[in-house]
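*Asks:* Predicted coordinates and the sequence they were generated for:
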Amino acid sequence: MNRKILGTLFFVVSAILISTQYIVAAILTLNLGSSDKGTFYNVFFNSGYVLIVSSVIFFIVGIILIIRDIVEKNNVK
């Protein structure tokens, strides 16, 4: 599979993971009964870092794959 396509897929997975973190924080904020901005941020950062860390890892791997594909194509020419 082309590395550029694979890197783009890693970007998509990263976006899905970070959006899932926002959805989880929104649901937990609604369950608290408060729709305050500060409450949302507290819930966002206290609901866990697994999705955020995974999203960052997928994003970095996507960047690496795209850069490696670009560098290899420039070296071939």
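*Replies:* Arrived safely. Residues are numbered from 1 along each chain as shown.
*Asks:* Just the mean pLDDT for stretch 70-77, thanks.
*Replies:* Over the span of stretch 70-77, the pLDDT mean works out to 82.
*Asks:* pull the helix or strand with minimum mean pLDDT from the protein.
*Replies:* Among the helices and strands of the chain, helix 37-46 carries the lowest confidence by mean pLDDT, DSSP states H and E, at a mean of 83.
*Asks:* Tell me which other helices or strands the helix or strand following that one touches.
*Replies:* The first helix or strand that comes after helix 37-46 along the chain, using DSSP states H and E, is helix 50-76. The helices and strands touching helix 50-76, judged by 3 or more Cβ pairs under 8 Å, 6 or more residues apart in numbering; DSSP states H and E, are helix 3-32. Where you see a C-beta, it was placed from the backbone N, CA and C, and this is true even at glycine.
*Asks:* other SSEs contacting the helix it packs on?
*Replies:* Based on contacts counted as 3+ Cβ pairs under 8 Å, 6+ apart, the elements that helix 3-32 packs against are helix 37-46, helix 50-76.
*Asks:* Specify the angle between it and helix 50-76 in degrees.
*Replies:* What separates the directions of helix 3-32 and helix 50-76 is an angle of 170 degrees, with axes from the mean of the first three to the mean of the last three Cα atoms, to 10 degrees.
*Asks:* How far does helix 3-32 sit from its chain's centre?
*Replies:* Counting by Cα atoms, centre = their mean, to the nearest Å, helix 3-32 is centred 5 Å from the centre of its parent chain.
*Asks:* Only the buried residues of that helix, if you could.
*Replies:* Counting neighbours by 16 or more other Cβ atoms under 10 Å, one finds that the buried residues in helix 3-32 are 3-4, 7, 10-11, 13-14, 17-18, 21, 25, 28-29.
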